[in-house]
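S.K.: Using only what follows, build the 3D model:
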Amino acid sequence: MHNSDLALLYKEKDHQEIPLHDDTVTVIMVTYNKHKYIRELILSFEHLNYKRELLDIVVIDNASADGSEEKLRAEFGDAITVIQTG
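M.R.: Predicted structure coming up:
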């Protein structure tokens, strides 16, 4: 996906809907002890003008000591995929 494509995902200032493709988008995030920031990023996806069922969110947790994996699973459940690497 190009930067110009990403701009189309956001709603315009007047909140008009922008036509989008029906392509699945996978977002992969790698984290280590950054639960707060990953949580905020996942929540920010609610502001996208994109069908939630076409958005696949994957978090790869590098054995965080801050409870990232457990906290993300508890809050988001099956809405995201969390992979623990350590």
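S.K.: Point to the residue nearest the middle of the protein.
M.R.: Ile42 (4.0 Å; C-alpha atoms, centre = their mean).
S.K.: Quickly find the element holding it.
M.R.: In the assignment (DSSP states H and E), Ile42 maps to helix 35-44.
S.K.: Now that helix: average pLDDT?
M.R.: If you average the pLDDT over helix 35-44, you get 94.
S.K.: From Ala65, how far out is Asp56?
M.R.: When C-beta to C-beta, to the nearest Å is the yardstick, Asp56 and Ala65 sit 27 Å from each other. Placement of C-beta: from N, CA and C, glycine included.
S.K.: These two: which is more packed in?
M.R.: Asp56 (12 against 8; other C-beta atoms under 10 Å).
S.K.: residues contacting Val30?
M.R.: Val30 makes contact with 59-60, 62 under the criterion C-beta atoms under 8 Å, 6 or more residues apart in numbering.
S.K.: again with His35
M.R.: Applying C-beta under 8 Å, 6+ apart to His35 gives the contacts 64, 66-68, 71-72.
S.K.: Chain neighbours aside, what residue packs nearest to it?
M.R.: Spatially, and ignoring its direct neighbours in sequence, His35 is nearest to Ser68 (4.1 Å; C-beta to C-beta, 6 or more residues apart in numbering).
S.K.: how far away is the one you found from Glu40?
M.R.: Ser68 sits 13 Å away from Glu40, going by C-beta to C-beta.
S.K.: returning to what we had before: just the C-alphas of the next helix-or-strand element following the helix holding Ile42, formatted as CSV.
M.R.: Next helix or strand after helix 35-44 toward the C-terminus (DSSP H and E): strand 55-61. The C-alpha coordinates for strand 55-61 follow below in CSV (Å, rounded to 0.1, in the frame of the first residue of the first chain):
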residue,chain,number,x,y,z
LEU,A,55,-8.7,-5.2,8.9
ASP,A,56,-6.5,-7.9,10.3
ILE,A,57,-4.4,-6.7,13.3
VAL,A,58,-1.4,-8.8,14.4
VAL,A,59,0.7,-8.0,17.4
ILE,A,60,4.0,-9.8,17.8
ASP,A,61,5.1,-9.5,21.4
